[in-house]
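Peer 1: How does the following fold in three dimensions:
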Amino acid sequence: MSSRGKKAQRQEERRQAALAKARRRKFMIGAGIIGVVALIVAFVGFRPLPEELSDVQTFPDMGRNHLAEGPPLPDYNSSPATSGDHSPTAAQCGIYTSEIPDPIQVHNLEHGTVVIQYQPGLDPDELQALQDYARTKTSHILLAPRTDLADPVVVTSWTRMLRLQSADIETIEVYYETFAFAGPEAGVPCAFVVEESL
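Peer 2: Residues are numbered from 1 along each chain as shown. As a prediction, this is how the structure comes out:
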């Protein structure tokens, strides 16, 4: 082989080595990015709940199909319902003086709404505190009475429930900040537009 041929061969070998090094570098950078993303996802998905939410119950996801209008109603695995087949129509967000049926509110939960329900006999000052709190949110919150509650106040989101013995606004705020906008169809708007309170 001529000296010119040897020189060309060495140049080609150096070029191939440089390409291989560049490919290794790209692979390492890509692997590093994937690792960082995986760590972030793991942290967000598996981080412990704040102490205020230690009593939150989580229920198995019952799916999210739309129901035909009218009976029969689904047999939900929690009361109030936290997932499952539901009405094709969600409620507008805001404050209600009448109950919101499970099939309707489950549709709201699917969109990432937090639903706060209270026993109709709740102390008026506590009810006022709940109404005042709900008004601090511009979207994705529903407040309504519910006659069959076993606890004075119950807060729900998709597959989750927190039972409270009073209108504990600080805990409700932590719940909202943790679970609002987190349903399987998060991103669907639900502006605060209903104001039925007196």
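Peer 1: from here on, contacts and neighbour counts on C-alpha atoms
Peer 2: Will do.
Peer 1: for the host helix or strand of Asp132, the distance to its chain's centre please.
Peer 2: Using DSSP states H and E, Asp132 maps to helix 124-134. In terms of CA atoms, centre = their mean, to the nearest Å, the gap separating the centre of helix 124-134 from the centre of its chain is 24 Å.
Peer 1: Beyond that helix, next helix or strand please.
Peer 2: Criterion used, DSSP H and E; the element after helix 124-134 is strand 141-145.
Peer 1: between that following strand and helix 124-134, how many degrees?
Peer 2: Note on geometry: by axes from the mean of the first three to the mean of the last three CA atoms, to 10 degrees, strand 141-145 and helix 124-134 are set 160 degrees apart in direction.
Peer 1: Show me the shaky parts of this protein.
Peer 2: 1-6, 30, 35-47, 70-71, 197-198 (pLDDT under 70).
Peer 1: what about the helices in it?
Peer 2: For the chain, applying DSSP state H gives helices covering 3-46, 102-110, 124-134, 169-179.
Peer 1: Would you convert these into a markdown table that also reports distance to Val56?
Peer 2: Shown next, in a markdown table, are the helices of the chain (distance: least, CA to CA, whole Å):
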| stretch | distance to Val56 |
| --- | --- |
| helix 3-46 | 15 |
| helix 102-110 | 16 |
| helix 124-134 | 19 |
| helix 169-179 | 9 |
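Peer 1: hey, which of those helices is tucked in deepest?
Peer 2: Among the helices of the chain, ranked by average contacts under mean count of other CA atoms under 10 Å, first place goes to helix 102-110 (a mean of 26).
Peer 1: neighbouring contacts of that helix?
Peer 2: 64, 73, 80-91, 114-115, 156-158, 183-186 (CA atoms under 8 Å, 6 or more residues apart in numbering).
Peer 1: ok, back up a step: quick one: contacts of the helix holding Asp132?
Peer 2: Contacts for helix 124-134 (CA under 8 Å, 6+ apart): Gly94, Ile95, Ile141, Leu142, Leu143, Ser166, Ala167, Ile169, Ser197.
Peer 1: and Gly121, how many neighbours?
Peer 2: Using other CA atoms under 10 Å, Gly121 has 11 other residues around it.
Peer 1: Alright, I will stop here.
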